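Engineer: the sequence isn't on hand, but the structure is:
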Ligand SMILES: Nc1ncnc2c1ncn2[C@@H]1O[C@H](COP(=O)(O)OP(=O)(O)OP(=O)(O)O)[C@@H](O)[C@H]1O
């Protein structure tokens, strides 16, 4: 995109994302401005992770346009951006995704230091090959881990950490990366309640001079994480509201599972079957499914 709107970090127009013949996302318009803290909420299968993946340039849109930090990320692998441009963009996007992407054989501390590779000039690549890290970055990484209560696990290999500890390491790594946009997919899913609150505060602090989009399942964490909340259901935005206007009814409607018999419907724009929320427990897997 040649002329990004000033202050606009995410600009989505007429996005359709289809996977295996199903319409996973249908977003006519979504704009996120610099400094906003946005939570994506909705039932399982609503398309929250898919939206974050599309913004991160990890899945291609079938139609429409996605601009992130002024660059067109609509077509992954398309010629819109060179490999070098993708690398530069990804350095500006901090991701806490469900896979976490830690280097298994490296210690927690080293994984955090590697976040600095994304910052131009902070650490030459050869230092990571030789595992010879600048003392200033090691200090910063130790502090980031300590602030998340992981001072006793710094030297532990990533693959020997618990799920919650790995989640904290990936958050600490963002502090060394200093991204302009943070995309966090359930960043507290493996954390106990106290640690979840600590992680939310850490994320918001990281996003002080950035923009934050977080997938949130525990709606009690919303006040800590967001000032704007977007509800997604069956791949569509059902509301986009300031946190302070969120009502229990709005949340109830969002998470309510409709009558499965009504569930077999398609997107009126595309006629593709919609990705439906998970069936209630015990409901036959095939029931309510759509066929193309
Ligand atoms: N690689 C894939 N292949 C087929 N279907 C997929 C794929 N990835 C996602 N989907 C489908 O897309 C829909 C949206 O999935 P997504 O993971 O984005 O939902 P979500 O809102 O993040 O769910 P959850 O809260 O359970 O993590 C689901 O119906 C899912 O089955």
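Structural biologist: Perfect, I can see it now. Owing to the predicted nature of the structure, the values given are computational and were not obtained by experimental measurement.

Engineer: what segments of the stretch 51-200 of the chain are helices?
Structural biologist: 83-92, 108-113, 125-130, 135-147, 163-177, 193-206 (DSSP state H, counting those that start in this stretch).

Engineer: what residues does the stretch 1-150 of the chain put near the ligand?
Structural biologist: 19, 20, 24, 42, 44, 45, 46, 47, 48, 49, 50 (C-beta under 6 Å from any ligand atom). C-beta: built from backbone N, CA, C; applies to glycine.

Engineer: can you do 8 Å?
Structural biologist: For the stretch 1-150 of the chain, the residues in contact with the ligand (C-beta under 8 Å from any ligand atom) are 19-20, 22, 24-25, 40, 42-53, 59, 98.

Engineer: strands - which of those land there?
Structural biologist: 19, 22, 24, 25, 40 (DSSP state E).

Engineer: out of these, who's the most crowded?
Structural biologist: Comparing those by number of neighbours (other C-beta atoms under 10 Å), residue 25 comes first, having 28 neighbours.

Engineer: what about the stretch 1-150 of the chain, any weak spots by pLDDT?
Structural biologist: Where the stretch 1-150 of the chain drops to pLDDT under 70, the residues are 1-6, 76-80, 98-100.

Engineer: so what pairs up with residue 18 in the strands?
Structural biologist: residue 23 (DSSP bridges).

Engineer: surely it touches residue 47?
Structural biologist: No - Residue 18 is not in contact with residue 47 according to C-beta atoms under 8 Å; the separation is 11.5 Å.

Engineer: need the overlap of contacts for these two.
Structural biologist: residue 24 (C-beta atoms under 8 Å, 6 or more residues apart in numbering).

Engineer: can you pick out the residue with more neighbours from the two?
Structural biologist: The residue with more neighbours, out of residue 18 and residue 47, is residue 47; 26 against 20, by other C-beta under 10 Å.

Engineer: biggest separation within the ones in strands among the residues of the stretch 1-150 of the chain next to the ligand, which pair?
Structural biologist: 22 and 40 (19.3 Å; C-beta to C-beta).

Engineer: thought residue 54 was touching residue 15?
Structural biologist: Yes - assessed by C-beta under 8 Å, residue 54 is found in contact with residue 15 at 7.0 Å.

Engineer: identify the contacts common to these two.
Structural biologist: 25, 61, 66.

Engineer: that older thread, and residue 54 and residue 15? Which one has more around it.
Structural biologist: Between residue 54 and residue 15, residue 54 has the larger neighbour count (other C-beta under 10 Å), namely 25 against 21.

Engineer: what sits against that one?
Structural biologist: Residue 54 touches 15, 17, 25, 61, 66, 73, counting by C-beta under 8 Å, 6+ apart.

Engineer: now tabulate the residues you listed in TSV and tack on distance to residue 185.
Structural biologist: TSV is the format used below for the contacts of residue 54 (distance: C-beta to C-beta, whole Å):
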residue	distance to residue 185
15	18
17	16
25	15
61	18
66	17
73	17
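
Engineer: and those residues, which two are the farthest apart?
Structural biologist: Checking those with C-beta to C-beta, the most distant pair is 25 and 73, at 14.1 Å.

Engineer: burial of residue 186, as a residue count?
Structural biologist: 20.

Engineer: how far away is it from the ligand?
Structural biologist: The gap separating residue 186 from the ligand is 7 Å, by C-beta to the nearest ligand atom, to the nearest Å.

Engineer: surely that residue is in contact with residue 216?
Structural biologist: Yes - with contact defined as C-beta under 8 Å, residue 186 reaches residue 216; the gap is 7.4 Å.

Engineer: got a ChimeraX select line for the buried ones in the residues of the stretch 1-150 of the chain next to the ligand?
Structural biologist: The following ChimeraX line selects those of those that are buried, judged by 16 or more other C-beta atoms under 10 Å:
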select :22,24,25,40,42,43,45,46,47,48,49,50,51,52,53,59
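
Engineer: any idea of the pLDDT on residue 163?
Structural biologist: On pLDDT, residue 163 comes in at 84.

Engineer: residues in contact with it?
Structural biologist: Contact partners of residue 163, counting by C-beta under 8 Å, 6+ apart, are residue 190.

Engineer: change the start of the numbering to 616 and stick with it
Structural biologist: Taking 616 as the first residue, the last one we looked at is residue 778.

Engineer: so residue 742 touches residue 749, yeah?
Structural biologist: Yes - using C-beta under 8 Å, residue 742 is in contact with residue 749, at 6.9 Å.

Engineer: those two: which has the busier surroundings?
Structural biologist: Neighbour comparison, residue 742 and residue 749: the larger count goes to residue 742, with 17 against 14 (by other C-beta under 10 Å).
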